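Participant: sequence below, structure please.
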Amino acid sequence: MKKILCAMIIGISSLFAFSATAAAANATENKSAGTSIKAPRTEKYVTKDGTPLVFHFYGHASLAIEIQPNAFIYIDPVGTQGEFYKEPKAAAILITHSHPDHLDKTAIAELSKNMTIILSDRTSSESITGKQPDTNEGHMSIETIAVKSIGVPSLDKEAGVKNGNSTENEEKATCMAMIPGQSATLSINKHGVAHIGMMTGAKSDDIIVKIEAVPAYNTTKGHLQFHPKARKDCGYIITIGKSRIYIAGDTENIPEMSNLKKINVAFLPVNQPFTMTVEQAAAAVKTIRPKIFYPYHYGNQNGQASDMKKLTKLCSRYTTIRIRGME
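Facilitator: Prediction:
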């Protein structure tokens, strides 16, 4: 009888252990599948002229800069990294390139409102608007698009207009297609409304934001197809309050980085084969010398993060490195 009772106890214990293990495995699988989205981490930053900013770190390449309580600039918002339908609407949205971990038209639509300004590379612009942007390098292509039609196939957009579904009162965003070397200036008021250019009659509490598109591409043999130079993907330098914030996009440590001067904050990707190795990122930091360096986009193809301890050791003599869970 004792033997039978012991066997029953062992069996029940094993069953509970198996159930706990299975539950843990399912939780891990769900987490890796992106079913659990964390709230964004935030960090305050004060620009050189005293303008208070807040960085919002969602994950991977998705982040935001809060320049006023109601004024947000989002960079590469993607739904697997944040519940953007719950987030404040965007004054501006920056898209570096058309890969799905950077371009999510649903997230863009969720964040857009009337007069939101979307700045993107040419490939992403075509995907967002359904229209091929002007390829003249001396001209910046600008399209107005109904917010509700962002991400809708171009044929459906045209049909909607023909059927009278598009009205003058609907919310419309502006999409600007950029290539490296071009820049735009935005004037953003306290209500989070952005205007292109420095507006006459701008109020003293309006914030002027300059956005410069810079190159982003691969240089390593065998990796050139990921981000070809000819496609003209973009990184961005965002100047607010005399501080220069460099969002590198998907790139390796390219020669053009030597032209980047007086960078106060840099976001650099660290995940080969798609972007930089730890050593390449350290070399880029040594070249750029940002005051603050945030590694981002540092999850590797095998699901493991790049070696942040090694990166910290290599970079600490050149910059202040801050790791904020942006794998």
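
Participant: contact partners for Gly235?
Facilitator: Gly235 makes contact with Thr96, Pro180, Ala213, Val214, Pro215, Ala216, Tyr246, Ile247, Ala248, Gly249, Thr251, according to Cβ atoms under 8 Å, 6 or more residues apart in numbering. Using the backbone N, CA and C atoms, a C-beta is placed for each residue, glycine as well.

Participant: off-centre distance for the helix or strand harbouring it?
Facilitator: Assigned by DSSP states H and E, Gly235 falls within strand 234-240. Its chain's average C-alpha position is 12 Å from that of strand 234-240, according to Cα atoms, centre = their mean, to the nearest Å.

Participant: who does it pair up with?
Facilitator: strand 207-215 (antiparallel), strand 243-247 (antiparallel) (DSSP bridges).

Participant: where does the stretch 101-250 of the chain dip in pLDDT?
Facilitator: By pLDDT under 70, the low-scoring segments of the stretch 101-250 of the chain are 135-138, 151-169, 198-203.

Participant: what sits against the residue nearest the centre of the chain?
Facilitator: The structure's the chain has its C-alpha centroid closest to Asp76; by Cα atoms, centre = their mean the separation is 2.8 Å. Taking Cβ under 8 Å, 6+ apart as the criterion, Asp76 is in contact with Ala61, Ser62, Leu63, Leu94, Ile95, Thr96, Asp101, His102, Leu103.

Participant: try Met276
Facilitator: Per Cβ under 8 Å, 6+ apart, neighbours of Met276: Thr251, Glu252, Asn253, Leu268, Pro269, Val270, Ala284.

Participant: give me the neighbour count for the first one.
Facilitator: If you count neighbours by other Cβ atoms under 10 Å, Thr251 ends up with 29.

Participant: helix/strand/coil for it?
Facilitator: The three-state assignment at Thr251 reads coil, by DSSP: H, G, I helix; E, B strand; the rest coil.

Participant: excluding chain neighbours, what is closest to it?
Facilitator: In this structure, Thr251 finds its nearest non-sequential neighbour in Ala216, 3.8 Å apart by Cβ to Cβ, 6 or more residues apart in numbering.

Participant: Gly79 too?
Facilitator: Ala107 (4.9 Å).

Participant: assign that neighbour to helix, strand or coil.
Facilitator: Applying three-state DSSP: Ala107 is helix.

Participant: number the chain from 660, please
Facilitator: Will do, 660 is the new start, and the previous item becomes Ala766.
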